[in-house]
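Structure here, sequence nowhere to be found:
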């Protein structure tokens, strides 16, 4: 054949390929089908367990066997995804209705993972066997080829309850997210029955039955008024809180006891909650905390927070709601596969799709059952009729040369070649007209069936078959009868598997936390040359003044309610709340300033520390390594942000000196090549913080400022230079932007 080259636009090929990939992920991996509420991996795992015969009344089987069989036959995407799905279907703290009965360590609510699949065992739950898999042999759903077309798997399980709502689901696909909260089985069944009786029912009327989500962890939904809109649209945010009890503790203390947690706190978020509570104490936002203990067990959640005497427990609980995950939001996006495409469904939309599926399944089920009963009826009527002429049939069998000859006589009345005892028998045989199935049944009938009691049982069985046929025809012909069958099924699952609601639905006021006014006191912020910072009270400083002054590079008097500012050589300013700096004793080490601010000691160095409280009263002198200088008003730095640019720098330049200007005086620049320049502070203009400044000293090529000195008016400053004492205050007073004089 001649070679054919097809030319196409590359973008079109990529677009089509990506859409195909996205739809594959959405439909075949991440999003559940609204009819059975299962993702493909869950459906395949349950079906494989059904095929392996691991039923609820059978012994447990190793999870590794289930996972391996599922992967080999139906789900070739790796064992981890299959085992993870199996684990989740066993966890009663995640699912309203666990579908798998697990034996062994399948994880816990605090985030501990399940044991490896080789150590755990599983089997189907009774509700799964009866409500999801029971009718697969009745042609109720379509079967499709597996990935290599060596097996067949159900397209959907014939689920008899709205599992999509009951167990909820979470999944991330390509450009889509599904997130449906679990609901109470009894309430969902009542709502489904209400829809069956009145398909025109509104979402508001359905919510008389489905009050809202029912999380396995309990908790409290606090935005009841928002639920109607969420269930109308299938999208929204549900606010949930943990359940908190306030109890009397020992020695007059108060215990705040958390007995139920928000659904979103399952797993590692419990540990994070405990850490967040500890952080509230460390940050002095909750100084009333005495102790935190997690006393949770198999019996349930119990987190105890012990408070000091006379603590305002109600206010503390509101603080937990505001600052921790004890109050959280569950994002609802009820996305499901409906009619082979992803669709966001409201409460009524989900129930409608489920009910339509129930009608379809039951129609196929009772059509199959009716066909089988009609077959049984045909055979039973043939056997009953045969019993009435049993002597003739025996005569035909004895007189026939082979089975086919006898069968032709029974079906078509052909008597040629058959030896009869009398002409009357031959005439009667010619009148026989059994069907093919009846004739086969007669030929295979055993002699004990001729016993009188057996004949009576056959007649009784025929009566039962006729009753079943009448019932099945009634169900298939009358919509009301079909509806009643579905309602009866729903009532059975409600009676046997329903349980009381756990989650409370209410409208709660927003948590209001009244932060207690902190008594304002003077403190000293100390930072040593290694970058460790701490606070000490004024009395501790005065008692250890000599040691503190000797060991610390920066000492700042400020208020405990204020902030400090840290200026760096890279021109940045960082603000730190004094509450974030640990209080300590004079001999305590403190904490690294990197840990409580955005400052990183690997990239820059602090060259000035001051109090933010009084910063607008100051003026700051900035001098860079390349000789640029300016004065900046403290108002420029009175900001609430944790980091700002304190000055603008030229390329390859750094801030070399920052000082607070309190008095008039002089500045002395000393360059690396030995030039000294003294000039008045008044020569340096005031600029904005985002200005580069003006040149303070003309530097030779390759030189830069090595030392900078600020001398108050009338003050003397002596330094040692080349083994000589130099009084900087007696250097010749020059103007700014000059070269200065060289000392030898």
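Arrived safely, thanks for sending. This is a predicted model, so every value here is computed, not measured.

Just the strands from the stretch 501-650 of the chain, written as ranges.
504-505, 522-527, 532-537, 554-559, 563-568, 572-577, 591-592, 606-611, 619-624, 628-633, 643-645 (DSSP state E, counting those that start in this stretch).

List the pairing partners of the first one within its sheet, with orientation.
If you go by DSSP bridges, strand 504-505 pairs up with strand 220-221 (parallel).

if we can go back for a sec, with mean neighbour count as extra columns, can I get the strands of the stretch 501-650 of the chain in CSV?
For every residue, glycine as well, the C-beta is placed using N, CA and C. Below are the strands of the stretch 501-650 of the chain laid out as CSV (neighbours: other Cβ atoms under 10 Å):
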stretch, mean neighbour count
strand 504-505, 18
strand 522-527, 21
strand 532-537, 22
strand 554-559, 17
strand 563-568, 23
strand 572-577, 21
strand 591-592, 15
strand 606-611, 20
strand 619-624, 23
strand 628-633, 22
strand 643-645, 14
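
Dump the ones you listed into CSV; add distance to residue 128 and mean pLDDT as well.
Conversion of the strands of the stretch 501-650 of the chain to CSV gives the following (distance: least, Cβ to Cβ, whole Å; pLDDT from 0 to 100):
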stretch, distance to residue 128, mean pLDDT
strand 504-505, 28, 94
strand 522-527, 64, 92
strand 532-537, 60, 91
strand 554-559, 65, 91
strand 563-568, 60, 93
strand 572-577, 55, 92
strand 591-592, 54, 91
strand 606-611, 64, 91
strand 619-624, 73, 92
strand 628-633, 73, 93
strand 643-645, 56, 92
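
Go through those and name the closest to residue 385.
strand 504-505 (64.9 Å; Cβ to Cβ).

May I see the strands of the stretch 501-650 of the chain arranged in JSON lines, with distance to residue 172 as well?
As requested, the strands of the stretch 501-650 of the chain are exported to JSON lines (distance: least, Cβ to Cβ, whole Å):
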{"stretch": "strand 504-505", "distance to residue 172": "28"}
{"stretch": "strand 522-527", "distance to residue 172": "46"}
{"stretch": "strand 532-537", "distance to residue 172": "43"}
{"stretch": "strand 554-559", "distance to residue 172": "48"}
{"stretch": "strand 563-568", "distance to residue 172": "41"}
{"stretch": "strand 572-577", "distance to residue 172": "38"}
{"stretch": "strand 591-592", "distance to residue 172": "38"}
{"stretch": "strand 606-611", "distance to residue 172": "44"}
{"stretch": "strand 619-624", "distance to residue 172": "51"}
{"stretch": "strand 628-633", "distance to residue 172": "50"}
{"stretch": "strand 643-645", "distance to residue 172": "34"}
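
closest one to residue 479 among the ones you listed?
strand 504-505 (34.4 Å).

That closest one: how far from the chain's middle?
21 Å (Cα atoms, centre = their mean, to the nearest Å).

List the contacts of it.
Contact with strand 504-505 is made by 211, 212, 218, 219, 220, 221, 224, 227, 243, as judged by Cβ atoms under 8 Å, 6 or more residues apart in numbering.

Wait, the first one touches residue 501, no?
Yes: counting by Cβ atoms under 8 Å, a contact exists between residue 211 and residue 501, whose distance comes to 7.1 Å.

shared neighbours, the two?
Common neighbours of residue 211 and residue 501 (criterion: Cβ under 8 Å, 6+ apart): 184, 187.

just for the stretch 401-550 of the chain, where's the confidence low?
447-453, 513-518 (pLDDT under 70).

ok so, going back, taking the contacts of strand 504-505 one by one, which sit in strands?
The strands, defined by DSSP state E, take in 220, 221, 243 from the contacts of strand 504-505.

about what we covered before: of the contacts of strand 504-505, which pair is most distant in space?
Largest pairwise distance in those, by Cβ to Cβ, is 18.9 Å, between 227 and 243.

Got the domain ranges for this structure?
Domain ranges of the chain: 38-158, 243-325, 356-497, 522-742, per automatic domain parsing.

Single out the most deeply packed of the ones you listed.
A comparison of these by mean neighbour count, using mean count of other Cβ atoms under 10 Å, puts domain 38-158 on top with a mean of 18.

Can you give me the end-to-end span of that domain?
Counting by Cα to Cα, to the nearest Å, you get 11 Å between the two ends of domain 38-158.

what is the mean pLDDT for that domain?
The pLDDT scores in domain 38-158 average 93.

And for stretch 162-172?
Per-residue scores along stretch 162-172 average to 90.
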